[in-house]
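J.: Take this sequence and fold it.
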Amino acid sequence: ISYHIISYIVTFSTTSTNFTMTASSPAPSPPATPTSLRPLTSPPPPSTNNSTYTPHLGKSRQYWRDIILGVNDGLVSTFLLVAGVAGGGLTSQDILLTAIAGAIAGAISMAAGEYVATKSQNEVMMGELKLEAMHVRDDLEEEMEELNDLLGKIGIPG
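T.: Down below sits the predicted model:
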């Protein structure tokens, strides 16, 4: 089963990154129903005979951390900026202008930082996918051992 999982992961990864790879190995033949495997990005449909199934948070779950961090940072930094200039004796109009300018500057800064961080993370991920595809192509046995170790760590026998 490990061979089929890694083959599927590599096939899915390589097709989504615009490069191809052919794996040749003396592994067992593929399962009779290869459609039972799904891409890593889409969760399996809920079972009709198991009423306790709880679906995952979905595709937006990766953004929750960023949303919460951004809102918290925006509120705290704006509050502290307003508190600081209010303590300096500025007029109400000056305090309001400072708050608006600080909020806009903070939003632009957070957006730029998130863009750069996400772009860098994606570049690293693409490099890792290419490297893993080369490892599977060139060192399939070692990758199978690594996969078995990883599956064993989460309680799935290889």
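
J.: pLDDT weak spots in this structure?
T.: In the predicted model, the chain carries pLDDT under 70 at residues 1-51, 57-60, 158.

J.: longest helix anywhere in this protein?
T.: helix 92-138 (DSSP state H).

J.: That helix packs against which elements?
T.: With contacts defined as 3 or more CB pairs under 8 Å, 6 or more residues apart in numbering; DSSP states H and E, helix 92-138 has these neighbours: helix 2-16, helix 61-87, helix 140-153. Yep, even glycine has a C-beta here, placed from its N, CA and C like the rest.

J.: With mean neighbour count and distance to Thr54 as extra columns, can I get these in a markdown table?
T.: A markdown table is the format used below for these (neighbours: other CB atoms under 10 Å; distance: least, CB to CB, whole Å):
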| stretch | mean neighbour count | distance to Thr54 |
| --- | --- | --- |
| helix 2-16 | 18 | 23 |
| helix 61-87 | 13 | 13 |
| helix 140-153 | 14 | 23 |
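
J.: Can I get those helices in JSON lines including distance to Ile108?
T.: As requested, the helices and strands packed on helix 92-138 are exported to JSON lines (distance: least, CB to CB, whole Å):
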{"stretch": "helix 2-16", "distance to Ile108": "31"}
{"stretch": "helix 61-87", "distance to Ile108": "11"}
{"stretch": "helix 140-153", "distance to Ile108": "40"}
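
J.: still on that earlier bit, what angle separates the longest helix of the chain from helix 61-87?
T.: 150 degrees (axes from the mean of the first three to the mean of the last three CA atoms, to 10 degrees).

J.: how much does helix 92-138 deviate in direction from helix 140-153?
T.: Using the same axes, to 10 degrees: helix 92-138 against helix 140-153 is 130 degrees.

J.: Offset the numbering so it begins at 25, please.
T.: Got it, the first residue is 25 from now on, which makes the last one we talked about helix 116-162.

J.: re earlier: go through the helices and strands packed on helix 116-162 and name the closest to Asp118.
T.: With respect to Asp118, and counting by CB to CB, the nearest of the helices and strands packed on helix 116-162 is helix 85-111 at 7.0 Å.

J.: Mind giving me the packing neighbours of that closest one?
T.: For helix 85-111, the elements it packs on are helix 116-162, judged by 3+ CB pairs under 8 Å, 6+ apart.
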